[in-house]
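Q: return atomic coordinates for the entry below.
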Amino acid sequence: MPDNPRQICLHALLEWERGKKFADELLHDAQEKARFSARVRGFFREMFFGVIRHLSQLDFFIAQLREGRLDEETQAILRLGLYQLFHMRVPSHAVVNESVSLAGRSRGLVNAILRRATREHAQLEHALAGAPLAVRWSHPGFLIDRWIAAFGQEKTEALCAWNNRPSDVFVRANGLRTTADELTATAAATERVTFHPRILKVTELPPAWLTDGLVYVQDPSTLLACDLLDPQPGETVLDACAAPGGKTSYLAELMGNEGRIVAADLWESRRARLRENMTRLGVRNVEPLVLDGMLAHGELPPASFDRALIDAPCSNTGVIRRRVDVRWRLTEEDFIRMPEQQLALLRRIAPLVRRGGTLVYSTCSLELEENERVVERALTEIPGVRFVESRRALPFVDHVDGAFAAKFTRI
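A: Sure thing, here's the model as predicted:
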């Protein structure tokens, strides 16, 4: 008998609420264990991510419909039901019946609240329209305030709207095996992307494209830093924060599989995944290495690389559409802590690049503190680096994930 997607979604949401696992991990685990058809899998995914994306809005509706606290499970059941009522094409009677079946001793309460929500749908939408921006778009207030200060009200609303839409699937044509033109000729459900010539947007991803190493699933913005690094065939290149290998494999493609790429990451499990991806994609010039970029290592002597890429750990505010629970994990203190770590990583990696070589620092953050200000501090605090140029992608301008990359030359 097929598993009940709403029941499994409820359990996954309750586990997420306890804060020990990220949403992506919980989704993967649930789908691995459940017996879902392809259609039900999509239904489950939309419910799970949708509730997390619209959390503040759903809790606002609950507060309009009932006063007082609810237990954790009843709150989650109501969120799940209200998301289906307000964001999915599910008949209201099915939503109410299925939600009540999940509710146990709170069946009467769940039934009453969801039936009232069905009757008062228009009034609830009207009330939501007058709520604060953080409630309407389900983002923490401190993030909204930061973005209004940086981008203004209109662009902040556009950014929030972008973050709340399900993400598109982009793939990079693996130039070591095929071209974008060859791929579009073999599949109708593809679209060329103006942001980058190697990227395709797909509505249906042929499984053979993945298994045969023809593509890598990758947002166009992630290629900014690699293009800025511009590695050449025969060079020695360091990818300092490499796993799972999207940027690494593109660097190998740009180098024609010639030369040497040292792909470093902190954990053995991540190195194993990187190895698997390189094998699948036909990459031959990468040496995976378990290494903490914050520490000195004898196997990476000074001035031993022509180019180095630091894709630094960051707040991920440019990829909230894909990493749906990032918004709820961040705190204001992160924007104080992260730049210190990012600058320390730059300070450690910079001496590994030879004189005249190139160093690129990148993030998937939209924040000034993690981008331009880290660059400014690097120029005053790290000897021997000269700023060349920077590039960025903004979701509300470029319609891709947010990203920032800065290029330095070693002098």
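Q: and the strands in the stretch 301-411 of the chain, which stretches?
A: Secondary structure of the stretch 301-411 of the chain (DSSP state E, counting those that start in this stretch): strands at 305-311, 353-363, 385-393, 403-410.
Q: again with the stretch 51-200 of the chain
A: 169-173, 190-192, 199-202.
Q: and the last one, how far out from the chain middle?
A: Right, the one you point to is strand 199-202. 17 Å (C-alpha atoms, centre = their mean, to the nearest Å).
Q: just checking, what packs against that strand?
A: Applying 3 or more C-beta pairs under 8 Å, 6 or more residues apart in numbering; DSSP states H and E, we find strand 199-202 packed against strand 169-173, helix 180-186, strand 190-192. (Glycine included, C-beta is placed from N, CA and C.)
Q: kindly report the same for the longest one.
A: Under the contact criterion of 3+ C-beta pairs under 8 Å, 6+ apart, the helices and strands touching strand 169-173 comprise helix 180-186, strand 199-202, strand 215-217.
Q: partners of the last one in the sheet?
A: Paired strands of strand 215-217, with direction, are strand 169-173 (antiparallel) (DSSP bridges).
Q: list the buried residues in the partner strand.
A: Phe170, Val171, Arg172, Ala173 (16 or more other C-beta atoms under 10 Å).
Q: equivalent analysis for stretch 302-316, please.
A: Buried, per 16+ other C-beta under 10 Å, within stretch 302-316: 304-316.
Q: hang on, the earlier thing: tell me which of the strands of the stretch 301-411 of the chain is the most buried.
A: Among these, strand 305-311 has the highest mean neighbour count (mean count of other C-beta atoms under 10 Å), at a mean of 25.
Q: what's the angle between it and strand 353-363?
A: Per axes from the mean of the first three to the mean of the last three C-alpha atoms, to 10 degrees, the angle that strand 305-311 makes with strand 353-363 is 20 degrees.
Q: quick check, Ala150 in contact with Glu369.
A: No: using C-beta atoms under 8 Å, Ala150 is not in contact with Glu369; the gap is 10.5 Å.
Q: those two: which has the busier surroundings?
A: Neighbour totals were compared for Ala150 and Glu369, and Glu369 leads with 18 against 13 (other C-beta atoms under 10 Å).
Q: for the more buried one, give me the pLDDT.
A: The predicted structure scores Glu369 at 97 on the pLDDT scale.
Q: distance from the centroid: which residue in this protein tops it?
A: Distance from the C-alpha centroid of the chain, by C-alpha atoms, centre = their mean, peaks at Gly108 (38.9 Å).
Q: quick one: pLDDT of that residue?
A: The model's pLDDT for Gly108 equals 96.
Q: cool, Gly68 as well?
A: For Gly68, the pLDDT comes out at 88.
Q: nearest residue to Ser362 in space, please, no chain neighbours.
A: What sits nearest to Ser362 in space, not counting adjacent residues and going by C-beta to C-beta, 6 or more residues apart in numbering, is Ala225, at 3.6 Å.
Q: kindly report the same for Val110.
A: Ala103 (4.3 Å).
Q: residue contacts, that neighbour?
A: Thr74, Ile77, Leu109, Val110, Asn111 (C-beta atoms under 8 Å, 6 or more residues apart in numbering).
Q: among those residues, which one sits closest to Asn97?
A: Among the contacts of Ala103, Asn111 lies closest to Asn97 (C-beta to C-beta), at 8.9 Å.
Q: identify the residues contacting the nearest residue to the closest one once chain neighbours are set aside.
A: Among residues not flanking Asn111 along the chain, Val100 sits closest, at 4.9 Å (C-beta to C-beta, 6+ apart). The neighbours of Val100, taking C-beta under 8 Å, 6+ apart as the test, are Arg107, Val110, Asn111, Leu114.
Q: can you list the domains in the chain?
A: 5-131, 220-410 (automatic domain parsing).
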